[in-house]
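Chemist: I would like to see how this sequence folds:
(chains A and B)
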2 protein chains.
Amino acid sequence: ADAAAMAAARQRQARLTKPPGSLGALEDLSVRLAGIAGVCPPPLPEPAALAIFAGDHGVHAAGVTPWPQEVTGQMVANFLAGGAVVNAFARQVGAAVTVVDVGVAGPLPAAPDLRDLRVRPGTGNLLTGPAMSRDEAVQALAAGITVAGELCDGGARILLCGDMGIANTTPSAALVAAFTGTAPGAVTGRGTGVDDATYARKVEVVAAALARHRPDPADPVGVLAAVGGLEHAALAGYLLAAAARRVPVVVDGVIAAAAALAAAALAPAAVDAMVAGHLSVEPGAGVALAHLGLAPVLDLGLRLGEGTGAVLALPVVAAAVRALREVATFDSAGVTEK
Amino acid sequence: ADAAAMAAARQRQARLTKPPGSLGALEDLSVRLAGIAGVCPPPLPEPAALAIFAGDHGVHAAGVTPWPQEVTGQMVANFLAGGAVVNAFARQVGAAVTVVDVGVAGPLPAAPDLRDLRVRPGTGNLLTGPAMSRDEAVQALAAGITVAGELCDGGARILLCGDMGIANTTPSAALVAAFTGTAPGAVTGRGTGVDDATYARKVEVVAAALARHRPDPADPVGVLAAVGGLEHAALAGYLLAAAARRVPVVVDGVIAAAAALAAAALAPAAVDAMVAGHLSVEPGAGVALAHLGLAPVLDLGLRLGEGTGAVLALPVVAAAVRALREVATFDSAGVTEK
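Modeler: Numbers count the residues shown, from 1 in each chain, chains lettered A, B, ... in the order given. Model prediction:
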């Protein structure tokens, strides 16, 4: 991040026609956005682009969710038809939605709006072997980098993280545990709302996967390959590419937060470009954000994924930028200071 | 609120293509909005209208703030010029801004966009007498009712509460203490950021005002007249009129929350129409919202007023409505249920 732009943003916040500090979290956020852009005030984060990376998970066979695996593909169709929650939220905030297949298991309907970057039809079962090869993990990373580049080249000034993948909170928990050293029970959640027996099974699966693979957080590609998902690897690439282009990128829930840990392990400075959109109910999300030092913008009890929390945070992020860009100073407005 | 519309909204939430409960606070919010409108799905809350009620306070003479009283009028000019934080935020979310003088102390520049409903030029000092007469409190209530009616007649489908008044966190604390029976020290905050000595003085002033007037929460007009402000009374009327028209109204920080207590004391059912936009840093705001049973949408450490927190909450409120209006059901989208 650009220290001079951040210092200029802090100084400008102090001159705006409001009591110092009265914008709370938005002041820090505006300073970070100036640091990302390398200029004060930073550009308005418009237009915004959301990429939803979809993939399936071999660990589905271990009984970690009551939802059938074909729902991943059905929800991809729902996104393309504009019928999912994230589509409705994206219409509210004016974000464009791109759906990317990086690893759905079954066939998908041909659709002009679907980006086909499928690396393989779902991961392997991380309980019995690696989720994918290192090569496949790198291919998925590259898919995310490609999509981020295309969206930025298309004019996007902010990127939003989205995901779809039945069972993907299980590899998310494994990734958070691996990168933060936290116990499986403290990072595994109920995902879409599993019962007590399935929850206990999930924690056991995460613990068994970590015991089997002993993923080394100093080898992020190896961690992704062993216990990750194709959408996690793609999101990690997407986050890295956004940071490389100095475009802010909004992290969503536990899937994106787990991917953010991988991105940060690959390039620590990438965290500078990340904004935590919200605090998911999934415990791994909070653990990951704390590890990254990111304060979530929203806390609405969401646990849907798709990018819903990132999308909802967008107007607040934009408002933080507008404060720096548009608000009068004491001098310019002729307002007396205390 | 309409119980049938709320039940229909709950049922519809359960059929949308998402895990039950995964939208957290937005599910309850959508149910409440259906209850307010009396129909499921409720209408989109667009266009949105923010009214900023401005007034001055005789208690300013007691040294409860370092800001000069003339800043109230200067900020009114800033709002009219579009240069304040709330203007920038309103542009972000697409809300129209109306500025209403219900009791600024000094002369204001003539401006076509300024609504002049001034009841008196600032209140009296609540330390030495009533802030205003009962008649004046009723006039200010009527001003708020008038403005809400005009905005709704002009097409607004949601109203947002805004305020401006140097020293107005002091009467807010007195109102919250009077209506909730909470000790002055627990509801008085640092407002725009006062030092320890001024803070101690504020708490003393609130305590002395309550001891002098012994306001009776069963007589809300009497409470407003004794220890309130003209913008508080106007906001109470605005909230009541919104509820009467079944239009949702977003409460901002401690000034609007104190006014909401007065509105609720006058007509308990008015709370049904209220949405708590955010949790202000001012402790009185949280006490008031808890008393009203309202859960804040945002928690961003704001303490600016102007309506900033209400405006920032608007996209989330609209998104909650869009979930009910626009999201496909399992049946319509052909998505398999668990």
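Chemist: quick one: the residue of the stretch 101-250 of chain A at minimum distance from chain B from A:G122, how far?
Modeler: Nearest residue of the stretch 101-250 of chain A to chain B: A:T192, at 3.7 Å (C-beta to the nearest C-beta). For the C-beta atoms, the positions are set from N, CA and C on the backbone; glycine is no exception. Applying C-beta to C-beta, to the nearest Å, the value for A:T192 to A:G122 is 18 Å.
Chemist: what of A:D216?
Modeler: When C-beta to C-beta is the yardstick, A:D216 and A:G122 sit 25 Å from each other.
Chemist: neighbour-wise, which of the two wins?
Modeler: Just comparing A:D216 and A:G122: by other C-beta atoms under 10 Å in any protein chain shown the higher neighbour count belongs to A:G122, 26 against 11.
Chemist: care to break chain A down by domain?
Modeler: The record's domain parsing of chain A by automatic domain parsing lists A:3-43+A:323-333, A:48-316.
Chemist: looking at these, which is buried most?
Modeler: Counting by mean count of other C-beta atoms under 10 Å in any protein chain shown, domain A:48-316 has the highest mean neighbour count of the domains of chain A, with a mean of 23.
Chemist: so where do the strands sit in chain A?
Modeler: A:48-55, A:95-103, A:114-116, A:158-164, A:249-251, A:274-276 (DSSP state E).
Chemist: which other helices and strands does the second one contact?
Modeler: Going back to what we said before, that points to strand A:95-103. In terms of contact count using 3 or more C-beta pairs under 8 Å, 6 or more residues apart in numbering or on different chains; DSSP states H and E, strand A:95-103 is assigned the packing partners strand A:48-55, helix A:71-81, helix A:85-93, strand A:114-116, helix A:134-153, helix A:230-244.
Chemist: make CSV out of the domains of chain A and add mean pLDDT and distance to B:A9.
Modeler: Converted to CSV, these look like this (pLDDT from 0 to 100; distance: least, C-beta to C-beta, whole Å):
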stretch, mean pLDDT, distance to B:A9
domain A:3-43+A:323-333, 97, 31
domain A:48-316, 97, 15
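Chemist: rebuild those as CSV, extending it with distance to B:E337.
Modeler: Compiled in CSV, the domains of chain A are given as follows (distance: least, C-beta to C-beta, whole Å):
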stretch, distance to B:E337
domain A:3-43+A:323-333, 38
domain A:48-316, 8
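Chemist: gap between the closest residue to A:G162 other than its chain neighbours and B:V99?
Modeler: Computed as C-beta to C-beta, 6 or more residues apart in numbering or on different chains, the closest residue to A:G162 that is not its neighbour in sequence is A:G307, at 2.7 Å. A:G307 sits 37 Å away from B:V99, going by C-beta to C-beta.
Chemist: one step back: who touches the residue of the stretch 101-250 of chain A closest to chain B in this structure?
Modeler: Contact criterion C-beta atoms under 8 Å, 6 or more residues apart in numbering or on different chains gives A:T65, A:P66, A:W67, A:T169, A:R303, B:P19, B:S22, B:K338 as the residues in contact with A:T192.
Chemist: the fourth one touches A:G191, doesn't it?
Modeler: Yep, that's A:T169 we're talking about. Yes. Judged on C-beta atoms under 8 Å, A:T169 makes contact with A:G191 at a distance of 3.8 Å.
Chemist: which residues are in contact with both of those two?
Modeler: Listed as contacting both A:T169 and A:G191 by C-beta under 8 Å, 6+ apart are A:T65, A:K202, A:E282.
Chemist: and chain B, which of the residues you listed reach it?
Modeler: Among these, the residues lying close to chain B (C-beta under 8 Å from any C-beta of the partner chain) are A:T65.
Chemist: quick check: residues of the stretch 51-200 of chain A near chain B?
Modeler: A:65-68, A:70-71, A:74-75, A:77-78, A:81, A:83-85, A:87-89, A:91-93, A:191-193.
Chemist: cutoff 10 Å now
Modeler: Taking C-beta under 10 Å from any C-beta of the partner chain as the criterion, the neighbours of chain B within the stretch 51-200 of chain A are A:65-71, A:73-75, A:77-79, A:81-94, A:166, A:190-194.
Chemist: where exactly do the helices run in chain A?
Modeler: For chain A, applying DSSP state H gives helices covering A:3-15, A:25-37, A:71-81, A:85-93, A:134-153, A:169-180, A:184-187, A:196-213, A:220-227, A:230-244, A:254-266, A:283-292, A:308-326, A:330-333.
Chemist: which stretch among the ones you listed comes nearest B:Q11?
Modeler: Ranking the helices of chain A by their distance to B:Q11 (criterion: C-beta to C-beta) puts helix A:85-93 first, at 16.8 Å.
Chemist: what angle do the closest one and helix B:25-37 make?
Modeler: When axes from the mean of the first three to the mean of the last three C-alpha atoms, to 10 degrees is applied, the directions of helix A:85-93 and helix B:25-37 differ by 60 degrees.
Chemist: return the angle between stretch directions for helix A:85-93 and helix B:308-326.
Modeler: Inter-element angle recorded for helix A:85-93 and helix B:308-326: 130 degrees (by the same axes, to 10 degrees).
Chemist: just list whatever residues bridge to A:T98.
Modeler: Applying DSSP bridges to A:T98 gives these bridge partners: A:A51.
Chemist: how much space between the residue of the stretch 51-200 of chain A found nearest chain B and B:P315?
Modeler: In the stretch 51-200 of chain A, the residue found nearest to chain B is A:G83; the distance is 3.2 Å by C-beta to the nearest C-beta. Relative to B:P315, A:G83 is positioned 20 Å away (criterion: C-beta to C-beta).
Chemist: show me what contacts A:G103?
Modeler: Contact criterion C-beta atoms under 10 Å, 6 or more residues apart in numbering or on different chains gives A:53-57, A:72, A:117-123, A:131-132, A:136, A:139-140, A:143, A:165, A:229-231, A:233-234 as the residues in contact with A:G103.
Chemist: hang on, isn't A:L108 packed against A:V100?
Modeler: No. Using C-beta atoms under 10 Å as the test, A:L108 is too far from A:V100 to be in contact (11.3 Å).
Chemist: joint contacts of the two?
Modeler: Each of A:A54, A:V76, A:L114, A:D116, A:R118 lies in contact with both A:L108 and A:V100 under the rule C-beta under 10 Å, 6+ apart.
Chemist: which residues touch the last one?
Modeler: Residues in contact with A:R118 (C-beta under 10 Å, 6+ apart) are A:54-55, A:100-105, A:108, A:139-140, A:143, A:230.
Chemist: swap the cut-off to 8 Å and go again
Modeler: Contacts here follow C-beta under 8 Å, 6+ apart; on that basis A:R118 touches A:D101, A:V102, A:G103, A:V104.
Chemist: what's the separation between the third one and A:A137?
Modeler: Computed with C-beta to C-beta, the distance linking A:G103 and A:A137 is 11 Å.
Chemist: likewise for the last one?
Modeler: Remark: distance between A:V104 and A:A137 (C-beta to C-beta) = 17 Å.
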